[in-house]
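**Student:** Need coordinates for the below:
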Amino acid sequence: ASYRRVQIQFSTHQPCRTDICLNCSNIGVRLRFCAMSQRLKLVDVYSPSSININYAGRSLLGPGTSPSFSLVSRVLGPTFPGKYNPQKKVFMLQYPGVCAMFPVKNLGNLQGGGMEKLQQANPMATRILVHMGKSCTERLQLPPLDSSSLYFEPVVVKINKGIRFAKRKRSLLFRRHTLQHVLSVIGTPDQIYVKELDSMRIHRPIDGKFGKTRGDYFLNYFSLGMDVLIDGMAHTFKKIILHTNMPATRNFNRYNRCNYQIMINSDEASANSEAKGDSSPLIESFNNTSASSSSLEKKGDGADKKNEGSF
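**Tutor:** Numbering: from 1, shown residues only. This is a model prediction of the structure:
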C-alpha cells in the first residue's frame, strides 16, 4: 500500500510476525516497526545525502555533507574496529546504537590491515542504521518503556462478561458498570460519537421529557485501540470494539494496536493467569485471528454478584 510519499511494506500472510516497514523514499529513510507492539525498532538511512543528521552539534549527514569514513570517525569518535562482510563487500563501523556501512568493493581483502586501507581510500557511507543496543548484528531490541507507561497494556477479555486491564488491575463488566466507572478506569475519551442510525431504536421506550428515544454513543479511545459503546438510556457499559491497526485497512493509523487476549472457557485458568501475570497458555491472541478488529456484544448476567474487578 502507498500513502502519499510513504510506502508501507508488510506481510499479508504473517502480519503479526513480520515487521512493518515505512519507506520514506523522498528523504531516503526506512522505518522498521515491531510486528506485535508496532513500536519503532530500526531507522535505516539508505540515502545519506537526502536528510540532515547532526550529532553533538556537528553535521554528520546532509545535502552539503559527504559522510566519509574520516568524517564519521571524527564526529562519532573512536570505537572498536569494524567488521568486514566479504559477501556484500561492506565494512561496518559499529557504535552503540549507530552503525555506518561503507562499500569497499575495490579495496581487496580488508582482514588484518584493513583500517589503514580504509583511512587511505576514505569511502563514503551508503547506509546509517540507528537502533537500540550495542550492535545491529545482534537481535534488534525495543527501547524500554517507562514503568508508568500504559502503551500496549495487556487486556484480557471474557466473552459475555467483560474486559480486564492487566496493568491497571481494573475491570469493566457488561451492563453492570456505568459511564462514570468507565471514565474512572480508562479516562476521558479522545472522541465521542453518537449513533444516528440504530435499527433497534424502535424497540426502545419514549423519553417523556424530550419526546424521543436516546441513542447509544461510542467513546473512542484512539490511544488504547478501542471503542466503548454506552447505552443511551441506562448509560451502562454495553459493548467494546478492539482494534489491531492492521496495515491497508480503513482505520489504519487511526488507532493504536490493542494488546487484547480472549479467554477460552476456563474461570480457574483466568484466576491463575492473572495471578501469574501471564495468560498466554489460556487465551487466544489477536495474531491468531484474521479480522482487523473484534466486537464483543454484551449479554446481561444478573446472577453474577461478584465484586468489581473479577471475572
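
**Student:** could you give me the average pLDDT of stretch 195-202?
**Tutor:** The average pLDDT for stretch 195-202 rounds to 62.

**Student:** likewise stretch 229-248?
**Tutor:** Stretch 229-248 comes out at a mean pLDDT of 94.

**Student:** Pull out the buried positions in it.
**Tutor:** Along stretch 229-248, these residues count as buried under the neighbour rule (16 or more other CB atoms under 10 Å): 229-232, 236-247. Every C-beta, even on glycine, is put in place using the N, C-alpha and C of the backbone.

**Student:** May I have the beta-bridge partners of the spatially closest residue to Q191 that is not a sequence neighbour?
**Tutor:** In this structure, Q191 finds its nearest non-sequential neighbour in N220, 4.1 Å apart by CB to CB, 6 or more residues apart in numbering. Under DSSP bridges, the beta-bridge partners of N220 are Q191, D227.

**Student:** circling back to that earlier point, between the buried residues of stretch 229-248, which is closest to T137?
**Tutor:** P247 (27.6 Å; CB to CB).

**Student:** On the three-state scheme, the most centrally placed residue in the chain is what?
**Tutor:** Nearest to the mean C-alpha position of the chain, by CA atoms, centre = their mean, lies Q38 at 2.4 Å. Of the three states, Q38 takes coil under DSSP: H, G, I helix; E, B strand; the rest coil.

**Student:** please begin residue numbering at 240 from this point
**Tutor:** Understood, numbering begins at 240; the last thing we discussed is Q277.

**Student:** can I assume it is in contact with R496?
**Tutor:** Yes - shown here, Q277 and R496 form a contact pair, counting by CB atoms under 8 Å, at 5.1 Å.

**Student:** about what we covered before: got a list of what the residue nearest to Q430 touches?
**Tutor:** Residues in contact with N459 (CB atoms under 8 Å, 6 or more residues apart in numbering) are P428, D429, Q430, I431, Y432, D466.

**Student:** One more: R278?
**Tutor:** F272, L381, P382, Y390, F391.

**Student:** do the same with N495
**Tutor:** So N495 contacts Q277, Y390, F391, F461, S462, L463, G464, H482, N484 (CB under 8 Å, 6+ apart).

**Student:** Switch these over to JSON lines; also include secondary structure and distance to R453.
**Tutor:** Converted to JSON lines, the contacts of N495 look like this (DSSP: H, G, I helix; E, B strand; the rest coil; distance: CB to CB, whole Å):
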{"residue": "Q277", "secondary structure": "coil", "distance to R453": "37"}
{"residue": "Y390", "secondary structure": "coil", "distance to R453": "34"}
{"residue": "F391", "secondary structure": "coil", "distance to R453": "35"}
{"residue": "F461", "secondary structure": "coil", "distance to R453": "25"}
{"residue": "S462", "secondary structure": "coil", "distance to R453": "28"}
{"residue": "L463", "secondary structure": "coil", "distance to R453": "25"}
{"residue": "G464", "secondary structure": "coil", "distance to R453": "27"}
{"residue": "H482", "secondary structure": "strand", "distance to R453": "26"}
{"residue": "N484", "secondary structure": "coil", "distance to R453": "31"}
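
**Student:** if we look at the helix or strand hosting L281, which residues are touching it?
**Tutor:** Using DSSP states H and E, L281 sits within strand 279-284. In this structure, residues lying in contact with strand 279-284 by CB under 8 Å, 6+ apart are 258, 267-273, 290, 292, 300, 366-371, 375, 379-381.

**Student:** Tell me the strands beside that strand, with direction?
**Tutor:** By DSSP bridges, strand 279-284 pairs with strand 268-272 (antiparallel), strand 366-370 (antiparallel).

**Student:** Give me the contacts around the last one.
**Tutor:** With contacts defined as CB under 8 Å, 6+ apart, strand 366-370 is touched by 280-285, 287, 292, 299-300, 306, 336-340, 375, 379-380.

**Student:** Do you have the helices of this structure handy? List them.
**Tutor:** Applying DSSP state H to the chain gives helices spanning 308-315, 353-360, 418-425, 506-515.

**Student:** Can you list the residue ranges for strands in the stretch 340-489 of the chain?
**Tutor:** Assigned strands in the stretch 340-489 of the chain, in chain order: 366-370, 394-397, 401-404, 409-412, 430-433, 456-460, 465-469, 476-482 (criterion: DSSP state E, counting those that start in this stretch).

**Student:** residues shared between the contacts of Q277 and R496?
**Tutor:** With CB under 8 Å, 6+ apart as the test, Q277 and R496 both reach N484.

**Student:** Where among the helices of the chain is average confidence lowest?
**Tutor:** Taking the mean pLDDT of those, helix 506-515 comes last: a mean of 49.
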